[in-house]
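Undergrad: next one to model:
(2 chains)
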Amino acid sequence: MPIGDKKREERLEEEVFNKLVDGSDAALHAHNEAHQAASQVEPGGYYRYVDSEPEHHNDFLTTYDDVVAEVDSDAPTRTLWSDAWGRLKKNRLAIIGACWIIFMVIIALTADLWAQQLLGSPTAIDTGTAAATQLQPPSLEHPFGTDSVGRDVLVRVIYGARVSLSVGVIATAISTVIGLVMGAIAAFYGGIWDTLIMRLADIFLAFPYTLFVIAMLAVIGNGIQNVFIAIGVLGWPSIARVFRSAILSVKENDYVDAARAMGASDGRIITRHIFPNSVASIVVYATMNIGGAILTESALSFLGMGVVPPNPSWGIMIQDGQQYLATEPWLMLMPGIAILTTVLAFTLVGDGLRDALDVKMKDA
Amino acid sequence: MLTYIIKRLIQFIPVFIGVTIILFALQNIVPGDPISIIGGDRALPPAVEEQLRISNHLIEVDENGEPLHDENGNYVETPLWKRYLIYMNNLLHGDLGNSYTRGMTVNEIFAQKYPYTIGLAVTAICIEAVVGIGAGLISAIKRYSVWDVIVTLITSILVAIPAFWLGMLLQLFFGIFLRQVTNGAFYLPISGAGGKMAEFPGWVYYILPAITLAAVSTAYTARIMRSQLLEVMNQDYIRTAKAKGLSRGKIIFHHALKNALIPVVTYIGIDFGAMLSGAILTETVFNWPGVGYEIYRAITQRDWPIVMGGVTLIVIVVMVINLVVDVSYAFLDPRIRFGAPKDQS
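TA: Numbers count the residues shown, from 1 in each chain, chains lettered A, B, ... in the order given. As a prediction, the model looks like this:
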């Protein structure tokens, strides 16, 4: 549970409530009555306040938004995120992971400025010199050696970072957005929506994951955009589950009831109250998910289903290196180390965030 | 308990129908006619092609089994919903259809492939259980020691390692490097059960693929074991046992371990289900003739009956194993009783 923000919310709702009480006894009475009349026991066993007409509250007091704006103006400077950052800073492994990720991102983003000039093209095959430059062991000129058609392995690893990082981030973004929407609908509206969406999630999770992604790619075709889509679209069920249970636990809090009693709309409750209080678990989950997406992309490319050659992808490079395993092992070693360190970095940062944000996760 | 099992079995039905519908939809969105690409560049003889279309229920036939034609002389395609119903009907009778490319029934193919997958999964689960639980125990008992750090480090790395790359590293070290160093006296086979069986006794072929397959799950098992044991050690009954003056070893192995093992056993059970889904990557790297690789090959060759049949089989196997795991949970932990007004699961 994200302590900082929850405390802040509780304080905020308390102040809102005090201001309501200060208004007048009659207003308080009216408020309480509306409170009771509007509450009813849901089939799930919890109380739910049915949204009563917001304008009703205008009659006797300032609006919900006015009060929130007033209280918000003297909000504390210590937030959930500054607290979490304080804890994260002390986690040496997470900081090492974060530095590695930043390093890879900088390399990937700036590659066009220097990599090709220094090491040659990552894709083009120079047929004239290929025979002379192929399969060279690591040297000063080619720190990671050259591959079977004379391309520098280092420059391909660098450009492969672009593929892996973009797949990790974009695919995770797609699954997170779909998962958030699905999870929010399921948890917030409950009933038939909950059943429908969670059954759909069960169906998706019942498939053997790798085979499902491969089948999907067989349908929509290879290529990096389709890898984004396939991994992104098939990743939503687990995020929807995480977000759904986060919402369900946040929803039980009194401040959500209070907000609803004061006439806040569903949209406002989700964006202002529920989302900020479950964002910690989403951030942790998404960070870990990036590592998983990078692994999936490398596996797909290794099988020849992902990124299309001659584009460099770490998975393709390992697959290329497979036939030279006995004689030129560096061909598969270097891209493998790149995958391992990148995924490890995301795992370490995810673990660090989990501890710093104090998110409870099911598995170890 | 019985009500719970029946309830779960009923819950299977919509999921199962959903899975088969999605698979059926997928195969029909794929561009290209699967029958016409079987022959590759050479076209199949029209009679053979017609027979394939009829036997796979792709076109309508009259009561004599002769294909129907529309006014332009083309075949009348069977509508999708009808093909789905025919498929499901055959499925319920245990018939998964015929492969487009292999000249065998899908049942025969999986009867051939499944033993290899099961063998590999069982070996991998043994490794996972022994090594994972052992490492987790050491790490929890000797918390914050060098051993704990080593186990934590190795599990973090194993979780981040691509399985196919780990397989190749093992091949490189045990198959190639050891062979060179020992002048061929000691090494392990780098390819799977399809290799020359005379060279080694059969079980040797299982070693490297099983380690590869077990690696990630072993890491998770060790982590779960560690965190569970540490959690249980904080509970009141352990404090009572300590106060009674029991030795540390007795507390851990007689009192704590039993309860700490429950989530571990659950995880291993569910993982066994996942391994029976076939391990495409491990099977590809080691040339292992299992179901994962077979389905992957079928997808690339658009041999949809194998894909449909294989995935359907896997989904059933995984669902049954998950149910068995959940039910055994209640036996392992008597506090859990299904069907009570409020499930504690």
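Undergrad: who's in contact with B:Leu169?
TA: For B:Leu169, the contacting residues are A:Gly336, by CB atoms under 8 Å, 6 or more residues apart in numbering or on different chains. Bear in mind the C-beta positions are built from the backbone N, C-alpha and C, glycine included.
Undergrad: after whichever strand or helix holds it, which helix or strand is next?
TA: Per DSSP states H and E, B:Leu169 falls inside helix B:163-170. Sequence order places helix B:178-181 as the next helix or strand after helix B:163-170, per DSSP H and E.
Undergrad: any idea which helix or strand comes after that next one?
TA: helix B:204-232.
Undergrad: ok, then the element right after that next one?
TA: Heading C-terminal from helix B:204-232 (DSSP H and E), you reach helix B:236-244.
Undergrad: quick check: mean pLDDT of that next one?
TA: Taken as a whole, helix B:236-244 has a mean pLDDT of 90.
Undergrad: which parts of the stretch 101-250 of chain B sit against chain A?
TA: Selection of the stretch 101-250 of chain B residues close to chain A by CB under 8 Å from any CB of the partner chain yields B:156-157, B:159-165, B:168-169, B:171-172, B:176, B:220, B:223-224, B:226-227.
Undergrad: now do the buried residues in the helix holding B:Leu169.
TA: B:163-170 (16 or more other CB atoms under 10 Å in any protein chain shown).
Undergrad: tell me the angle of it relative to helix B:204-232?
TA: Angle between the axes of helix B:163-170 and helix B:204-232 is 120 degrees (criterion: axes from the mean of the first three to the mean of the last three CA atoms, to 10 degrees).
Undergrad: with only the CA atoms kept, save helix B:163-170 in CSV.
TA: Provided in CSV are the C-alpha atoms of helix B:163-170 (Å, rounded to 0.1, in the frame of the first residue of the first chain):
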residue,chain,number,x,y,z
ALA,B,163,16.4,-20.0,-21.9
PHE,B,164,17.7,-20.6,-25.4
TRP,B,165,20.9,-18.8,-24.7
LEU,B,166,21.4,-20.7,-21.5
GLY,B,167,21.0,-23.9,-23.4
MET,B,168,23.7,-22.8,-25.9
LEU,B,169,26.0,-21.9,-23.1
LEU,B,170,25.6,-25.4,-21.6
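Undergrad: that helix: how far from the chain's middle?
TA: 18 Å (CA atoms, centre = their mean, to the nearest Å).
Undergrad: now swap in stretch A:99-113 and tell me
TA: For stretch A:99-113, the distance to the chain centre is 20 Å (CA atoms, centre = their mean).
Undergrad: touching chain B at all, it?
TA: No. Using CB under 8 Å from any CB, stretch A:99-113 never reaches chain B; the gap is at least 11.7 Å.
Undergrad: who's in contact with that stretch?
TA: Contacts for stretch A:99-113 (CB under 8 Å, 6+ apart): A:158-159, A:161-162, A:165, A:341-342, A:345-346, A:349.
Undergrad: those into TSV, with extra columns for secondary structure and distance to A:Ser281?
TA: Listed next are those as TSV, based on DSSP: H, G, I helix; E, B strand; the rest coil; distance: CB to CB, whole Å:
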residue	secondary structure	distance to A:Ser281
A:Ile158	helix	34
A:Tyr159	helix	34
A:Ala161	helix	28
A:Arg162	helix	29
A:Leu165	helix	23
A:Thr341	helix	26
A:Thr342	helix	23
A:Ala345	helix	21
A:Phe346	helix	16
A:Val349	helix	15
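Undergrad: in TSV, list those along with pLDDT, distance to B:Tyr84 and neighbour count.
TA: Shown next, in TSV, are these (pLDDT from 0 to 100; distance: CB to CB, whole Å; neighbours: other CB atoms under 10 Å in any protein chain shown):
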residue	pLDDT	distance to B:Tyr84	neighbour count
A:Ile158	92	48	24
A:Tyr159	92	44	22
A:Ala161	93	44	25
A:Arg162	92	42	21
A:Leu165	94	41	20
A:Thr341	96	47	16
A:Thr342	96	43	26
A:Ala345	95	46	24
A:Phe346	95	41	27
A:Val349	93	46	26
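Undergrad: sorry, back to before: which of the buried residues of helix B:163-170 sits closest to A:Phe302?
TA: B:Phe164 (5.4 Å; CB to CB).
Undergrad: leaving out sequence neighbours, find the closest residue to that closest one.
TA: Of all residues not flanking B:Phe164 in the chain, B:Leu281 sits nearest, at 4.3 Å (CB to CB, 6 or more residues apart in numbering or on different chains).
Undergrad: and the pLDDT at that neighbour?
TA: So, for B:Leu281, pLDDT stands at 91.
Undergrad: and the angle for the helix or strand hosting B:Trp147 with helix B:163-170?
TA: Using DSSP H and E, B:Trp147 sits within helix B:146-160. For helix B:146-160 against helix B:163-170, the angle by the same axes, to 10 degrees is 120 degrees.
Undergrad: mean confidence for helix B:146-160?
TA: 92.
Undergrad: thinking again about what came up before, quick check on the residues of the stretch 101-250 of chain B next to chain A: which are buried?
TA: B:156-157, B:159-165, B:168-169, B:171-172, B:176, B:220, B:223-224, B:226-227.
Undergrad: next, count neighbours for the residue lying closest to A:Leu165 once chain neighbours are set aside.
TA: Nearest non-adjacent residue to A:Leu165, counting by CB to CB, 6+ apart: A:Ala108, 5.5 Å away. By the criterion of other CB atoms under 10 Å in any protein chain shown, A:Ala108 has 19 neighbours.
Undergrad: confirm A:Ala108 sits in a helix?
TA: Yes. The assignment for A:Ala108 by DSSP: H, G, I helix; E, B strand; the rest coil puts it in a helix.
Undergrad: low pLDDT regions in the stretch 1-150 of chain A?
TA: Within the stretch 1-150 of chain A, the stretches with pLDDT under 70 are A:1-78, A:126-131.
Undergrad: all strands for the chain, in order.
TA: I'll assume chain A. Assigned strands in chain A, in chain order: A:39-41, A:47-49 (criterion: DSSP state E).
Undergrad: think we crossed wires, I meant chain B
TA: Going by DSSP E, chain B shows no strands.
Undergrad: just name the shakiest helix or strand of it by mean pLDDT.
TA: helix B:46-55 (a mean of 75; mean pLDDT, DSSP states H and E).
Undergrad: what about that one, distance to the chain center?
TA: 34 Å.
Undergrad: same check on stretch B:156-172?
TA: Worked out by CA atoms, centre = their mean, stretch B:156-172 lies 18 Å from the chain centre.
Undergrad: kindly report the same for stretch A:243-259.
TA: The answer for stretch A:243-259 is 21 Å, by CA atoms, centre = their mean.
Undergrad: need the CA coordinates for that stretch. PDB is fine.
TA: What follows is stretch A:243-259, C-alpha atoms only, in PDB (Å, rounded to 0.1, in the frame of the first residue of the first chain):
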ATOM      1  CA  PHE A 243      -4.900  -3.400 -11.400                       C
ATOM      2  CA  ARG A 244      -8.300  -4.900 -10.700                       C
ATOM      3  CA  SER A 245      -7.200  -6.200  -7.300                       C
ATOM      4  CA  ALA A 246      -5.400  -2.900  -6.500                       C
ATOM      5  CA  ILE A 247      -8.600  -1.000  -7.300                       C
ATOM      6  CA  LEU A 248     -10.700  -3.400  -5.200                       C
ATOM      7  CA  SER A 249      -8.500  -2.900  -2.200                       C
ATOM      8  CA  VAL A 250      -8.400   0.900  -2.700                       C
ATOM      9  CA  LYS A 251     -12.100   1.100  -3.300                       C
ATOM     10  CA  GLU A 252     -12.800  -0.200   0.200                       C
ATOM     11  CA  ASN A 253     -11.200   2.900   1.800                       C
ATOM     12  CA  ASP A 254     -13.400   5.500   3.500                       C
ATOM     13  CA  TYR A 255     -12.100   8.400   1.500                       C
ATOM     14  CA  VAL A 256     -13.500   6.800  -1.700                       C
ATOM     15  CA  ASP A 257     -16.900   6.500   0.000                       C
ATOM     16  CA  ALA A 258     -16.500  10.100   1.200                       C
ATOM     17  CA  ALA A 259     -15.700  11.400  -2.300                       C
END
